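1. give me coordinates for this.
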Amino acid sequence: MRKLIVTEFITLDGVVEDPSWTFSEVPFEEAAYDIKGREQEEASALLLGRVSHDEFAPVWPSMEEFEAYNAMPKYVVSSTLQGSDWTNTHVLRSLDDVAALKARTDEGEGPIYVHGSATLSQGLLAAGLVDRLHLLVFPLVLGAGKRLFADSGETVKLELVEHAAYANGVTLQVLDVVR
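-> This is a model prediction of the structure:
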């Protein structure tokens, strides 16, 4: 079974919505983004929610740094999206479809990455479909915005498997979901 990895830019108070603050509020440090290159090399597919798809699809195809993502299979979980003009993009209708995608090996054994997609990530976590989190934690408290971890009342146990701290205050936390 393929791993499903959620990767997020996140504030100390858990906000992941509209991460324009990543570049406007914290000095850029290239080393903090090395994980993004690794993710692109490892990924066998990209999974997105409708909102993230609608934000990425018009922009990423023209960005050279996302060439690998543009070529690989992309899946959008949506009950309303009819299709996409973004090359090799497919629509999934449910979390059951995501579970079936994880079980498929016809596209390789590499992990499936979820970028952004806060609502989808919350649902995937609640359904027990997430295997790992890649969090770039920014030293900011926004006080408002969509958070990665919803008030579900459920405990999710995580194990830290990799970490790093950067001079700009950003920390990397790679966490496996413990089942």
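2. the helix or strand harbouring residue 53 - what's its average pLDDT?
-> If you go by DSSP states H and E, residue 53 is part of helix 50-56. The pLDDT scores in helix 50-56 average 94.
3. got the contact list for that helix?
-> Here helix 50-56 makes contact (Cβ atoms under 8 Å, 6 or more residues apart in numbering) with 48, 74, 76-78, 80-81, 84, 86, 89, 115-117, 119-120. The C-beta positions use only the backbone N, C-alpha and C, and glycine is treated the same way.
4. just the ones of these in helices?
-> Counted as lying in helices by DSSP state H, out of these, are 119, 120.
5. let me see the contact set for the residue positioned nearest the centre of the chain.
-> Closest to where the C-alpha atoms of the chain average out (Cα atoms, centre = their mean) is residue 115, at 2.6 Å. Neighbouring residues of residue 115 by Cβ under 8 Å, 6+ apart: 7, 46, 48, 52, 56.
6. neighbour count and distance to residue 142 added to those, as a markdown table?
-> Formatted as a markdown table, these follow (neighbours: other Cβ atoms under 10 Å; distance: Cβ to Cβ, whole Å):
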| residue | neighbour count | distance to residue 142 |
| --- | --- | --- |
| 7 | 21 | 19 |
| 46 | 28 | 26 |
| 48 | 26 | 23 |
| 52 | 20 | 19 |
| 56 | 22 | 22 |
